[in-house]
Each structure stands twice: as structure tokens, then as C-alpha cells.
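Visitor: What follows is a predicted structure for the sequence shown.
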Amino acid sequence: MHEILGANKLTSEMLTRQIVDLFFYQIFVNDTGELIFVIDSTHTLKHDELIQNRKNIANYEPIYTGEMIDKYSRFKNLVKYKVVLV
């Protein structure tokens with residue numbers, strides 16, 4: 001892993017279904033403008049269930065929270081985020 005990260009290479013073979021699902025289906029924007037990163041601790045959460053329950057999931061107690069300023073944006077937006085376990 002360190003070798004791959006150190007070389008800054010990403011190949012199509014590294015993109016498994018699980019990784020794609022993680023990045024595209026288990027991160028969403030809450031109504032308040034914060035990013036919610038969902039960790040499926042049971043490994044049973046289906047995409048449709050996540051969509052249907054995202055308002056409830058957004059209210060889960062976070063295991064981690066943070067914020068950062070988007071320094072690459074012209075407007076220097078503040079981005080809030082939290083990580084929740086499902």
C-alpha cells in the first residue's frame with residue numbers, strides 16, 4: 001500500500017466494486033451542508049437502504065467530526081464533515 005501511495009499511481013485494477021461503492025454511495029451531503037461519511041460496520045447496508053434512511057443516518061452520533069476550508073476554491077468555503085457507524 002505504501003509503495004502504491006508513494007508512487008502516486010492508480011490503476012483500474014485497484015478500483016474494486018467495494019471501493020467504488022464506498023466513494024460513490026456511502027458519502028452524502030446532509031441538508032445542513034455537511035458531508036456524512038458512512039461506515040457500514042455490519043457490511044449489510046444496501047444502497048437503497050442508505051438512500052431511504054439518509055436523514056436518520058445523518059442524525060447518528062458521529063465517531064469523528066471536522067471541518068476544513070476549501071483553500072482551492074475562489075470563495076474559501078468551509079466544509080464540515082462527520083463520520084458515522086451504521
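Guide: Sure, I can see it.
Visitor: from here on, contacts and neighbour counts on C-alpha atoms
Guide: OK.
Visitor: hang on, Ile57 in a helix?
Guide: Yes: with DSSP: H, G, I helix; E, B strand; the rest coil as the criterion, Ile57 is located in a helix.
Visitor: tell me the contacts of it?
Guide: By C-alpha atoms under 8 Å, 6 or more residues apart in numbering, Ile57 lies in contact with 50, 84, 86.
Visitor: How about Val79?
Guide: Contacts of Val79 (C-alpha under 8 Å, 6+ apart): 33-35, 67-70.
Visitor: Which of the residues you listed fall within strands?
Guide: Using DSSP state E, the subset of the contacts of Val79 located in strands is 34-35, 67-69.
Visitor: Mind putting the contacts of Ile57 into TSV with distance to Ser41 and pLDDT?
Guide: Formatted as TSV, the contacts of Ile57 follow (distance: C-alpha to C-alpha, whole Å; pLDDT from 0 to 100):
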residue	distance to Ser41	pLDDT
Leu50	13	84
Val84	10	90
Val86	6	85
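Visitor: Before I go, just wanted to say thanks for your time.
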